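>>> I would like the atomic coordinates for the input below:
(chains A, B, C and D)
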Amino acid sequence: MITLSWAILWTPFLTAVFIFFFLLSRPRAAGRLATCGMLAAFLCALALLWDYLSLKEARPVLESSILWIPFAPSPVEFGVLIDGLTILMLLIVTGIGSLIFLYSMSYMERDESCGRYFACLSLFAFSMLGIVLSNNFIQTFIFWELVGLSSYLLIGFWFEKREAATAGKKAFLTTRVGDVGMMIGILSLFGYLASRGIGTFNFLLIEERLQTISIPSPLLYAVCLGLFLGIAGKSAQAPLHVWLPDAMEGPTPVSALIHAATMVAAGVFLLARLFFLFAQSPAALLVIAWTGGITAVLAGTVAVVQNDIKKILAYSTLSQLGYMVLALGLGNPYAGMFHLTTHAFFKALLFLSAGSLIHALHTQNIWNMRTQKGLLRSMPITSVTFFIGTLALMGIPPTSGYFSKESILAAASHGSPVLFILALANVFFTSFYMGRLCTLVFFQKSHSARQNHLHTARESGWKMTIPLIILAGFSIGGGFLPLHPFLGARGHSEPHSNTLALISIALAGLGFLFAFLRYQKKSHEHETLDSWMTPRFILEKKYFFDDVYDAFIHFVQENIARVSDLFERRVVVEGGMNGSARLTRRLSRLVRTLQTGVVQFYALFFAAGVTVIIYVLILSGKS
Amino acid sequence: MIFLLTWIPFVAAFLILLTPSEKKSALPIIAKTACLLTFLLTIGFLWRFRPDQPGYQFLIRIEWFPAFGIAYQAGLDGINMTLCLLHALVSLAGVFTAAREKKRLKEYLFFYLILVGAIYGVFTCLDLFFLYLFYETTLIPLYPMIGIWGSKNKEYGAMQLTLFITAGAALALFGILLLYQKTGFGTFDLIRITEHLKNAPFAAHDQNFLAALILIGFGVIASLWPLHSWSPIGYAAAPTSVSMLHAGVLKKMGPYLILRIALACLPAGMAHWSTLLAVLSGIGILYAGYAAISQKDLKFMVGFSSVSHMGYVLLGIAAMTVTSVSGAVLLMFSHGVMAAAMFAVIGFIYEQTHARGVFDFGGLGKKAPFISMSFIMASLASLGLPGFSNFVAELLIFIGSWEKSPVLVGLAVLGVLITAIYLLRAVQHVCYGEFNPKWNQLKDAVTWQEKFPFVLLLGALLLFGFWPQGLLRLIQPAVGAMLP
Amino acid sequence: MIPIGHVLIVSGILFSIGLAGLLIRRNILLILLSIELMMNAANLLLIAGSALHGEADGQITAFFVMVIAAVEVTVGLAVAVLLFRTRQTVDTYDIKWLKG
Amino acid sequence: MNFSLLLPEWIALGTLLILIFREILNGPKSRNSSGIAILLTGTALLLLSLFFLRNSPGSAFGGTFVLDSFAVFFKIFFSLAAFVVLVSSRFFFRPLGGEKTAEFFLILWCALLGMLFLVSANDFLILFIALEIMTLSFYILTAYQKGNLASIEAGVKYLILGSLASAFIIYGIGLLYVVAGSTHFDSIQAAFAAQPGHKLLLLSALLILSGLCFKVAAVPFQLWAPDVYEGAPVPVVAFLSVGSKAAGFALLIRLIFTVFTPFDHERKILFPVLAAMTIIYGNLGAVVQKNIKRLLGFSSIAHTGYLLIGLAAARDSGLAALLYYLLTYALANLAIFFVLSLTANELKSDQIDAFRGLAERSPFLAASLFIALLSLAGVPPLAGFVGKFLILSAAIRDHLMWLALIGILAIPISLYYYLGVIRSMYLEEPVHTASITVPGSAKLILGLLITGILLAGFFQSPVFRIVENALQHF
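Numbers count the residues shown, from 1 in each chain, chains lettered A, B, ... in the order given. Predicted coordinates:
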């Protein structure tokens, strides 16, 4: 089993390296190799699952590691930790990853830098698998950073486009802000443990020791918040969520990968992995829950006014991530991971279908997507699968989304009423914006000649549709997957509540209906959103997060930088460096004034010198 | 054997002096051969180095000036083995850049080889006199190299750099002489002095005074805030291969000598100043980072960045734990290689375009993929990305220093973010975006001679990023033996 | 015999007069003269010492000093003539091109 | 009487006489080449005789003339320096044509003769005579360029101030004689021992020391040096800065550590202060200078300061350091003035600006100047560094921390102005591009000097042994 897990980890890496060195200029081969690699990893994961299930123990946890930096006070390991959670995530990452790789082969066909694309994609998968398999903090942090790097490279894949390059940088930097917190969290945890004689970064060891010693709660609170800052960065929780919508500048399959299987899932996964730690600090959990709840509604509302199909999906991801984080914050990792799983299916599905649409229609604006025949007819598979994804996202039974969302809502119903209301409100918003999207794209026909070129919209090839169909299947059936064996140790499923189910389904239906009615006839981009919702302006400005950050960067950071630079120039260089030179020259000129050139003055100086010496040494001396 | 490291370059320099300057083709061959030989020699030493064996290896000792207890004594332990490797890498990479110099090539290579040999001298010698001798010898070639072959304000930069480092060195010389005087058995033999002081340390106030002298003196070249200002100015002025060697290797002599003299011989004095040193390093990290943000010249940016990174090194040294000091040594290596790669990239572009503003370029990623990739990789290494040895080094520094000064480590972690800000900005403006047609003439690195330096340096960073133990197994025992 | 203390005082005064002359007079010739005076103050000491100790050393030395002083003045005059030829001045305040 | 002890002086005198006769016989038409040949032979014989005498110390003229290893060391030193200066003066004067160089050689040789006697003097009479022979020759040499105003002015100034210093010395000697009843060192030392704390003795010692401090240009007797250095012909400055200074220090050492030993206490007060002031004055003064000779004048004051540290510090390590320093200083200064002699006629100016682009006009000269200047600045592995190193460690050994610190802080300042010259030569574009040809003999000598700088920098031990050997009697 250990060997299998190592194989899963390194296959994508070796693929990436191989492509990097040999196949950069041969895109087709690169694509094939990468996909095969990913598929092989998936098969390994399946084999691992088989082995794992055939083990006799109740909830086996397997671990293996090598010492990477065997330092006496703080040995850093590199290892794998296999338990149910790991295997679940492995399956998600490699499974959905394989589909996305397959899809990409066709999607990226015409791009000449395709080799680079697949190398980065494999690197991305490798980084994510590293996080999943990691058995200690440092390794997690390493791959955490590598995920950031891969996202940077992939979001900025079309780097000639200014926006893409900026978005990649933004993603990297924003998540890095979180990483600063994470690093500090790790360091303070380690610092405390080391002072108690347990110098280790190992999850299992720490978990075990924490049963006998307790960390002082302020410190634990700080540690948890630090770690959560990192998680919030990667999982795009407010206020570090700003990178995610911008990340849509990357190729669509990359978005699918980021939103479904990697990156954003990493944060939630880590939260679940470290739940033993967070569970000990209720105060931290409260912060986490609120962050999740607020992020969910924040993103759900902003999605309502977006016009770019990918951006709508991006905000929906944000709000769904908010759900997951909320569930974990409420002390229910099961619900969170469950939703992570189902969300992975339907969000990948949504993105890939959206990608298929974009591929065919060459636009991302939902106002421009309708065709004369209607998309349902010209691209049936894509449309149907997209619709299935929408249903799952809205949480309509019997799709998978229904079950997972139900368990989160059930968990929320036990928590703070405000949080519960937020969660419910988000159900409505979700279906509203998805309703708006579907109405505009699928249920309207174009009457304008301007869009004639869209006549030609045709269904994509098999490499793109097969992943869609498979994902659609899982989006429907995913809710019935038996996840308990994987997550047993980490929480419980809430008892089913009919009232809650009814309320949520009703809200979802209502939202969709509203949207359908409202946008059925609209064909103008300049819709006026009026008084029955929060002023449109705020939403269009995305609650001013970006503006505030820009202002911060502009007014605070740039000014600190400018002040440093000025200080350097005026004080350190001009004052210290040139100042000492000036002082020397001034003294030098003073010395020069003695050299009057008059020989008598020289003689006088001579005589005075002799006199002083004689006076000091003889007359005032020992007499 | 070990003296060959120093003397091969000197002899080669002499050979170059004898070669008539018309024989343009022979000059680079001599220089490259010398650097390659020393490189191979260093690898050989690395190969035969036994990390588990305590003390210095390959020790040689030639009585030199017995009246003053001076001996030509050289040897390697894990720390200077690492630094020799760093120098071997950077000097070999640098000579390929140096050999492309068009103006007065003969003199340039002559000075370059003198510089290379003297640096080996500093890193191998274990006698305070010779340490200082080689340390100052590096100044002889630096002034003309920067002054003649440099760019932008070169005279000013050369003068500042030389004077600052000399002033620091003079103070350090004072410290060394005091140390010599106070140990009282008339020897400059560093091994004996260290051993002696382990058993019979000086009184506290003596240690404090001496440590202060050493710290300030060698702190100048380590660009300890606020003594750093020569460094961005000097690097901006220097020609590429000098920037590479200086930022990459010479700067590391400061922390190295602080380790060797202040930390090993005067631990109590070091401990006395450690808080102050840590605070200054912390200020340096953030200050230089922010200053780098507002630079418009790539070389200035990298210059400030190197100040910022040396802050990490000094922070690690100030914490005085095995982990942090090992991290500091590893960072000296990693940052050296990284900085060299960075300056090589900038130099490569500057050579052809005579521009090096952050905003002068754009879209080089398409036009010159190899160079852009090198630039990106060097940036990533610099901002502490895992996979490059810089990450491991910074991590060790953080872990090792956390207990002493959590606040400063927190700020230092923030510094990593600041590094990312300016480097990614630079990468974006240089490599990404639309191609600036002004640079249509720009050629990517094509021949192996052009590519070799980058492959060598970045390869080393990656190698030890994946396998840090390769260096740490050398560094850690040596550091362990050095710390009280 | 004159007490040695008196001799010391007289020679001291002579020396001081010479020094004062050197400092005050601006004419090179007079300056040379002042130097001669200082040297002779020393000669006085040497001869008085010779008398005091009853040895000839001092007198011999005094002869040598006289010769040397004469040579000095000779050289000095030669240089002064040179100066006068080129600058038409022997005033020390006029020769200060070399300064600073 | 042991006349063979005076063999070097006989040879020098003989050479001098030959030169004079040649001058008389040939008249104004005398040619240089034969003069050089004579001088070469003279120097060679001098060195040879010294080599044979080096291990046979003794005294002559009733103990007023001694030949010990110290004297031999300095005699070799002076002969070599004189030889280098003579060669350089040949290059310096050759294009001037009109002025007869034979006379110049003659007077310079006279100065050498004075120096040779000086370091052997064991009696104040001999000392004074030898000193005056040397000094008087220098007055003439300084004003040697009759057409050059600066040269004449320098001559006048040097003459007046030098005579003043001589007057102080001889007055001191007179006082000494009154008290001690002898001019002989040994008897004076005995007198000192008999009457310790005698104010008149101390006064006379201080007067003599002041006069000698004038010769070495120590503060507060330093004001003449920049003016004279600027005005005098280059070879004269070379010999002045090397020979005259070395003679001054030789005398200071001999007097302080033989005759004036009872005043050890005063020495320890006086010399550290003088050294500190001299270092500061010299280095600061040089910073803003634009004329290279004047700059070197200030720099020579600064170096006097370092040398004085050697006198200030305890005798064992201090003196050896002083002699080592003197050697390195002499090597560097001779090299520098040699280059100046060679370039003077091409550049026709002493301004530092005139050296612009010298590196391109003559790489060899520029490189020599580069190394010599850096050696003066004390940059290793050049000789100057070892000198400074030894001097400073002597100061520290004698617990003169503050003095050592001043010496150390002055190093970057001195580097600044030396680099100013180097900047002109290497970093700036030449005004004229015509390359300067350097004769083979000049290359040889300059090469030897530079090699000496490198060797004395790296192989300290053999040089130090020579120096220690010279000091074995102290």
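
>>> can you pull the contacts of whatever residue of chain C ends up closest to chain B?
Residue of chain C nearest chain B, by C-beta to the nearest C-beta: C:Gly100 (23.3 Å). All C-beta atoms are positioned from the backbone trio N, CA, C, and that covers glycine. Neighbouring residues of C:Gly100 by C-beta atoms under 8 Å, 6 or more residues apart in numbering or on different chains: A:592, A:595, A:597.

>>> So which of the residues you listed is the closest to B:Ala288?
A:Arg592 (38.8 Å; C-beta to C-beta).

>>> biggest strand in chain B, by residue count?
When chain B is parsed with DSSP state E, its longest strand is strand B:57-65.

>>> Residue 95: neighbour count?
Let's take chain A. 23 (other C-beta atoms under 10 Å in any protein chain shown).

>>> To clarify, I was referring to chain D.
Other residues close to D:Pro95 by other C-beta under 10 Å number 9.

>>> for B:Asp360, same thing?
The burial count for B:Asp360: 18, using other C-beta under 10 Å.

>>> for it, helix, strand, or coil?
Classification of B:Asp360 by DSSP: H, G, I helix; E, B strand; the rest coil places it in coil.

>>> Quick check: the residue most central in space within chain D vs chain B, distance?
In chain D, the residue lying closest to the centroid (C-alpha atoms, centre = their mean) is D:Val242, at 2.3 Å. When distance is defined by C-beta to the nearest C-beta, to the nearest Å, D:Val242 is 24 Å away from chain B.

>>> That residue touches D:Ile336, doesn't it?
No. Judged on C-beta atoms under 8 Å, D:Val242 makes no contact with D:Ile336 at a distance of 10.3 Å.

>>> a helix runs through the residue nearest to the centre of chain D, doesn't it?
Yes. Assigned with three-state DSSP, D:Val242 falls within a helix.

>>> Contacting chain C as well, which ones from the contacts of C:Gly100?
Among those, the residues lying close to chain C (C-beta under 8 Å from any C-beta of the partner chain) are A:592, A:595, A:597.

>>> Mind checking which of those are in helices?
A:Arg592 (DSSP state H).

>>> from the ones next to chain C among the contacts of C:Gly100, which is closest to chain C?
Of the ones next to chain C among the contacts of C:Gly100, the one sitting nearest to chain C (C-beta to the nearest C-beta) turns out to be A:Gly597, at 2.6 Å.

>>> What residues of stretch B:171-179 count as buried?
B:171-179 (16 or more other C-beta atoms under 10 Å in any protein chain shown).

>>> Next one: it, is it in contact with chain D?
Yes. Using C-beta under 8 Å from any C-beta, stretch B:171-179 reaches chain D at B:171, B:173-174, B:177-178.

>>> quick one: which of those residues is nearest chain C?
For the residues of stretch B:171-179 next to chain D, the minimum distance to chain C (C-beta to the nearest C-beta) is 31.7 Å, reached by B:Leu171.

>>> so how far is B:Leu250 from the closest one?
18 Å (C-beta to C-beta, to the nearest Å).

>>> next one: A:Phe345
Taking C-beta to C-beta, one finds A:Phe345 at 57 Å from B:Leu250.

>>> of the two, who's got more company?
Taking other C-beta under 10 Å, A:Phe345 and B:Leu250 do not tie; A:Phe345 has more neighbours (32 against 24).

>>> where does that one land in three-state SS?
Relying on three-state DSSP, one would call A:Phe345 helix.

>>> any idea how far B:Phe164 is from whichever residue of the stretch 251-400 of chain B sits closest to chain D?
Nearest residue of the stretch 251-400 of chain B to chain D: B:Met253, at 14.1 Å (C-beta to the nearest C-beta). Distance of B:Met253 to B:Phe164, computed by C-beta to C-beta: 14 Å.

>>> ok, now A:Leu583?
15 Å.

>>> Of these two, give the one with the bigger neighbour count.
B:Phe164 (24 against 10).

>>> can you pull the contacts of that one?
Counted by C-beta under 8 Å, 6+ apart, B:Phe164 has contacts A:577, B:220, B:227, B:229-230.

>>> Assumed the residue of chain C closest to chain B was part of a strand.
No. C:Gly100 is assigned coil when assessed by three-state DSSP, not a strand.

>>> where in chain B is pLDDT low?
Filtered on pLDDT under 70, chain B yields no residues whatsoever.

>>> of all the residues in it, which ones are close to chain D?
B:64-68, B:70, B:107, B:129, B:132-134, B:136-137, B:139-140, B:143-144, B:147-148, B:154-155, B:158-159, B:162-163, B:166-167, B:170-171, B:173-174, B:177-178, B:180-181.

>>> can you do 7 Å?
B:64-67, B:133, B:136-137, B:139-140, B:143-144, B:147-148, B:155, B:159, B:162-163, B:166-167, B:170-171, B:173-174, B:177-178, B:180-181 (C-beta under 7 Å from any C-beta of the partner chain).

>>> now the strands for the chain?
No chain was given, so I picked chain A. A:62-69, A:76-82.

>>> can you tell me which of these comes nearest to D:Leu141?
That would be strand A:62-69 among the strands of chain A, by C-beta to C-beta, at 73.7 Å.

>>> who's in contact with the closest one?
Outside strand A:62-69, the residues that touch it by C-beta atoms under 7 Å, 6 or more residues apart in numbering or on different chains are A:1-2, A:75-82, A:135, A:204, B:392, B:468-469, B:472.

>>> cool, and stretch A:594-603?
Outside stretch A:594-603, the residues within contact range by C-beta under 7 Å, 6+ apart are C:22-23, C:92-93, C:96, C:98-100, D:157, D:160-161, D:164, D:223-224, D:226-227.

>>> Kindly report the same for stretch B:209-218.
B:168-169, B:171-172, B:174-175, B:178-179, B:254, B:257-258, B:261-262, B:266, B:269-270, B:272-273, B:277.

>>> hmm, 8 Å instead?
B:168-176, B:178-179, B:182, B:202, B:224, B:227, B:253-255, B:257-258, B:261-262, B:266, B:269-270, B:272-273, B:277.

>>> residue ranges for the helices of the stretch 151-300 of chain B, please.
Under the criterion DSSP state H, counting those that start in this stretch, helices of the stretch 151-300 of chain B are mapped to B:154-183, B:190-199, B:204-221, B:230-237, B:240-245, B:251-257, B:264-265, B:267-293, B:298-319.

>>> other SSEs contacting the second one?
Identification of packing neighbours for helix B:190-199 by 3 or more C-beta pairs under 8 Å, 6 or more residues apart in numbering or on different chains; DSSP states H and E yields strand B:70-76, helix B:128-137, helix B:154-183, helix B:264-265.

>>> list the contacts for the residue in the stretch 1-150 of chain A that chain D sits nearest to?
At 38.5 Å from chain D, A:Phe71 is the closest residue in the stretch 1-150 of chain A, using C-beta to the nearest C-beta. By C-beta under 8 Å, 6+ apart, the residues touching A:Phe71 are B:322-323, B:326, B:396, B:472, B:476.

>>> and with 6 Å instead?
B:Thr323 (C-beta atoms under 6 Å, 6 or more residues apart in numbering or on different chains).
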